[in-house]
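In: What follows is a predicted protein model with its sequence.
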Amino acid sequence: MAVPAAASAREADGYRPPELTGLADLLARPARERPDARALVVGAGRIPVSFRVLSALADDLAARLAATGLRRGDAIGLVGANTAEFVVGLFGAARAGLVTAPLDPALPAPELSARLDALGVPAVLIGPSAADTPPPAPPRVPAWPLRVEVSPGGTAAVLADTAAAPRRKTGAAAELSARDALVLYTSGTAARARMVPLTQANVASSVRGICATYRLGPADATVAVMPFFHGHGLFAALLASLAGGGGVLLPVRGRFCAGTFWDDMRAASATWFTAVPTVHEVLLERAEFEHPGPPGPPLRFVRSSSAPLNPATQRALERAFGAPLLSAYGMTESSHQATSEPLPQDGVLKHGSVGLPTGVRLRVVGRDGRPCPAGVQGEVWVSGPTVARGYLADPVETARGFSGGWLRTGDLGSLDEDGHLRLTGRITTIISRGGEEISPERVEDVLAGCPGVAEAAVFAVPDAVYGQRVGAALVVYDPECAGAEEVLRYCRDRLAPFEVPERLEFVAELPYTTKGGLDRLAVEARYAR
């Protein structure tokens with residue numbers, strides 16, 4: 001079954017998504033029409049930074065970068081937490097015509113260097129990390145420290161030490177051009193991280209689609225929960241908010257803190273936020289004592305993405321926060337969002353689904369290469385203006401993942417009669433037990449509903465007879481309700497016999513990636529013995 005792109009504009013009710021061509025002009029309209037409006041809220045003092053000031057800082061940095069001899073289409077690394085330095089570095093590089101490669105400041109130095117070397121950037125901008133200390137400077141790449149000083153009155157200055165001469169462009173960067181805007185790295189949880197080039201047109205289409213889905217405008221504001229070096233935080237929280245003329249609060253030290261989150265939301269007068277399920281679950285656990293209730297921020301909606309959200313958790317979050325919780329789906333290769341549940345006034349919310357296409361075409365394809373009928377599981381394929389052209393310096397994986405204008409996501413799912421997508425797992429994580437194919441995500445979803453279970457990770461256990469058996473690692477908050485017998489009894493009532501876990505590991509915590517998804521490679525290494 002194939003589903004066409006949903007409308008990307010909502011002109012019938014007067015809403016029009018922002019016009020833009022890419023990163024370089026993303027701030028142009030709000031800086032022109034609402035120059036003194038709040039774009040960012042930064043620092044411990046929660047100081048507002050206007051669009052006028054942010055735009056001027058980006059222009060200042062762009063001039064400094066141009067003076068280094070870098071040319072349009074050259075790549076530059078950007079390492080830092082969710083701080084003013086990251087935002088200014090991103091837009092300054094864009095206005096200089098450079099292609100920005102954001103990187104996690106918490107990466108070990110060898111991995112950071114390996115990624116920068118593989119891309120072949122001439123230099124890297126270094127901002128503060130979440131630990132308030134500079135990330136390790138890669139030894140073979142010129143490092144340019146970047147600082148933004150903001151006064152209590154909202155004036156600001158950018159300090160950039162670009163004295164170190166940039167090196168010659170090498171490696172995968174040779175494949176880039178001035179039409180490109182970003183190079184993002186895949187999460188690398190099931191395989192090595194790959195480099196995804198995204199064009200200015202990819203960025204513009206993605207941002208417009210997100211703005212249109214949620215009708216983001218000048219009256220909206222959010223708190224940056226997800227890191228900007230991944231698509232979730234970058235496209236949904238930062239770029240879509242600013243393009244719509246809204247504001248973004250950057251938490252102290254540039255990272256999410258559950259203890260200050262609702263204070264940040266109040267300070268920003270936030271109307272929405274987006275996060276991964278693990279963050280939502282943390283906030284739900286603390287909601288009874290910390291959520292401010294009706295006097296709190298005027299939430300229009302809450303968004304969840306980057307990993308499956310249990311429908312029971314979704315309903316509990318809606319009750320706790322008093323706002324609809326909308327599940328979205330996307331990946332780095334699709335410039336983040338590909339589908340989302342609609343706002344309640346725009347369509348039906350179907351808990352357990354990730355909604356309808358947002359500016360892309362979608363199909364679910366069977367093993368025979370043909371679209372599947374409604375309700376039948378297959379691989380999710382995506383096509384449209386947000387989809388990348390492939391991977392840098394990796395023709396084999398590009399040929400495997402991109403075919404005839406379609407991105408073969410590797411995700412399994414089905415479409416219902418109305419075109420809503422339900423995800424059922426990953427092709428690469430399917431457990432094959434004696435010829436039966438088992439989705440770890442389905443078993444995890446059942447386990448998450450078991451009384452006393454806080455988190456669950458399902459993995460394959462090698463077996464000489466069946467090939468693989470089902471194992472599960474569990475984090476429990478009530479051992480009396482969630483002992484081994486109680487968990488297995490719960491599963492037997494809700495799963496097929498071959499899906500019931502045959503090994504249970506009770507653990508203190510599960511490994512997660514910086515993107516917020518379950519780190520399945522780490523789970524397998526720890527427990528699939």
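Out: Sure thing, it's come through.
In: pLDDT wise, what is residue 321 at?
Out: Listed pLDDT for residue 321 reads 93.
In: give me the number of residues near it?
Out: 21 (other Cβ atoms under 10 Å). (Each C-beta comes from the backbone N, C-alpha and C, glycine too.)
In: out of everything not next to it in sequence, what's closest to residue 402?
Out: With sequence-adjacent residues excluded and distances taken as Cβ to Cβ, 6 or more residues apart in numbering, residue 402 is closest to residue 390, at 5.1 Å.
In: Please report the distance of that neighbour from residue 234.
Out: 20 Å (Cβ to Cβ, to the nearest Å).
In: quick revisit: how is the residue nearest to residue 402 assigned, secondary-structure-wise?
Out: coil (DSSP: H, G, I helix; E, B strand; the rest coil).
In: list the contacts for it?
Out: 197, 398, 401, 402 (Cβ atoms under 8 Å, 6 or more residues apart in numbering).
In: got a list of what the residue nearest the centre of the chain touches?
Out: Centroid check for the chain by Cα atoms, centre = their mean gives residue 232 as the closest residue, at 2.1 Å. By Cβ under 8 Å, 6+ apart, the contact set of residue 232 is 226, 274, 276, 305, 306, 336, 515, 516.
In: what does stretch 166-177 rub up against?
Out: By Cβ under 8 Å, 6+ apart, the list of residues contacting stretch 166-177 reads 68-70, 73-75, 99, 117-123, 140-142, 183, 195, 197, 392-393.
In: Weed out the non-buried ones from those.
Out: The neighbour-count test (16 or more other Cβ atoms under 10 Å) applied to the contacts of stretch 166-177 identifies 68, 70, 74-75, 99, 117-123, 141-142, 183, 195, 197, 392-393 as buried.
In: Out of these, list just those in strands.
Out: In this view, the buried ones among the contacts of stretch 166-177 that belong to strands under DSSP state E are 75, 99, 183, 195, 197.
In: And residue 379, how far from residue 362?
Out: Noted for residue 379: a distance of 11 Å to residue 362, by Cβ to Cβ.
In: now residue 322
Out: 31 Å.
In: Compare the two and say which one has the larger neighbour count.
Out: Neighbour count, other Cβ under 10 Å: between residue 322 and residue 362, residue 362 has more, with 27 against 14.
In: which other helices and strands contact whichever strand or helix holds that one?
Out: Using DSSP states H and E, the element containing residue 362 is strand 361-365. Where contact means 3 or more Cβ pairs under 8 Å, 6 or more residues apart in numbering; DSSP states H and E, strand 361-365 is packed against strand 2-3, strand 378-383, strand 406-415.
In: most tightly surrounded among those?
Out: Among those, ranked by average contacts under mean count of other Cβ atoms under 10 Å, first place goes to strand 378-383 (a mean of 22).
In: Each with direction, which strands does that strand pair with?
Out: Sheet partners assigned to strand 378-383 using DSSP bridges are listed as strand 361-365 (antiparallel), strand 406-415 (antiparallel).
In: need those in TSV with distance to residue 473 and mean pLDDT, can you?
Out: As requested, the strands paired with strand 378-383 are exported to TSV (distance: least, Cβ to Cβ, whole Å; pLDDT from 0 to 100):
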stretch	distance to residue 473	mean pLDDT
strand 361-365	30	97
strand 406-415	22	96
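In: Kindly reformat those as TSV containing distance to residue 18.
Out: Shown next, in TSV, are these (distance: least, Cβ to Cβ, whole Å):
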stretch	distance to residue 18
strand 361-365	23
strand 406-415	25
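In: Of those, which is nearest residue 3?
Out: Among these, the nearest to residue 3 by Cβ to Cβ is strand 361-365 (4.6 Å).
In: Just the buried positions in that closest one, please.
Out: By 16+ other Cβ under 10 Å, the buried positions in strand 361-365 come out as 361, 362, 363, 364, 365.
In: Could you do stretch 305-319 as well?
Out: Here stretch 305-319 shows 305, 306, 307, 308, 309, 310, 311, 313, 314, 316, 317, 318 as buried, counting by 16+ other Cβ under 10 Å.
In: Residues touching that stretch, excluding its own?
Out: Under Cβ under 8 Å, 6+ apart, the answer for stretch 305-319 is 226, 230, 232, 236, 274, 276-278, 280-281, 283-284, 302, 304, 324-325, 327-330, 336-337, 351-352, 423, 441, 444-445, 448-449, 515-518.
In: 7 Å - rerun?
Out: Outside stretch 305-319, the residues within contact range by Cβ atoms under 7 Å, 6 or more residues apart in numbering are 232, 236, 274, 276-277, 280-281, 284, 302, 324-325, 327-330, 351-352, 423, 441, 445, 448-449, 515-518.
In: distance between the ends of it?
Out: 19 Å (Cα to Cα, to the nearest Å).
In: so what's the closest residue in space to residue 202 that isn't next to it in sequence up against?
Out: Spatial nearest neighbour of residue 202, chain neighbours left out: residue 335 (4.6 Å); criterion: Cβ to Cβ, 6+ apart. For residue 335, the contact set (Cβ under 7 Å, 6+ apart) comprises 198, 202, 203, 205, 206, 231, 235, 386.
In: mind listing what residue 268 touches?
Out: Applying Cβ under 7 Å, 6+ apart, the residues contacting residue 268 are 41, 221, 222, 223, 247, 249.
In: Now do the closest residue in space to it that isn't next to it in sequence against residue 103, distance only.
Out: Nearest non-adjacent residue to residue 268, counting by Cβ to Cβ, 6+ apart: residue 249, 3.9 Å away. In this structure, residue 249 and residue 103 are 23 Å apart, going by Cβ to Cβ.
In: what sits up against stretch 406-421?
Out: 1, 3, 329, 331, 333-334, 339, 350, 353-356, 362, 364, 372, 374-377, 379-383, 387, 401, 422-428, 439.
In: Just the buried subset of those residues, please.
Out: Of the members of these, the ones counted as buried by neighbours, 16+ other Cβ under 10 Å, are 1, 3, 329, 331, 333-334, 339, 350, 353-356, 362, 364, 372, 377, 379-383, 387, 401, 422-426, 439.
In: Which ones among the contacts of stretch 305-319 lie within helices?
Out: 277, 280, 281, 284, 441, 445, 448 (DSSP state H).
In: Which members of the residues you listed are classed as buried?
Out: 277, 280, 281, 284, 441, 445, 448.
In: Rebuild those residues as CSV, extending it with pLDDT.
Out: Formatted as CSV, these follow (pLDDT from 0 to 100):
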residue, pLDDT
277, 89
280, 94
281, 88
284, 92
441, 86
445, 87
448, 87
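In: Same list, these, but as TSV with distance to residue 130 please.
Out: Formatted as TSV, these follow (distance: Cβ to Cβ, whole Å):
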residue	distance to residue 130
277	21
280	20
281	21
284	23
441	29
445	31
448	28
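In: Return the member of these nearest to residue 47.
Out: residue 280 (28.4 Å).
In: Am I right that that closest one is in contact with residue 304?
Out: Yes. Using Cβ atoms under 7 Å, residue 280 is in contact with residue 304, at 5.9 Å.
In: how about a markdown table for the helices and strands packed on strand 361-365, with distance to residue 253 added?
Out: Output for these, formatted as a markdown table (distance: least, Cβ to Cβ, whole Å):
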| stretch | distance to residue 253 |
| --- | --- |
| strand 2-3 | 42 |
| strand 378-383 | 35 |
| strand 406-415 | 34 |
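In: closest to residue 263 out of these?
Out: It's strand 406-415; of the helices and strands packed on strand 361-365, that one is closest to residue 263 (Cβ to Cβ) at 36.5 Å.
In: Please enumerate the helices of the stretch 1-150 of the chain.
Out: Using DSSP state H, counting those that start in this stretch, the helices of the stretch 1-150 of the chain run over 28-33, 51-66, 84-95, 109-119.
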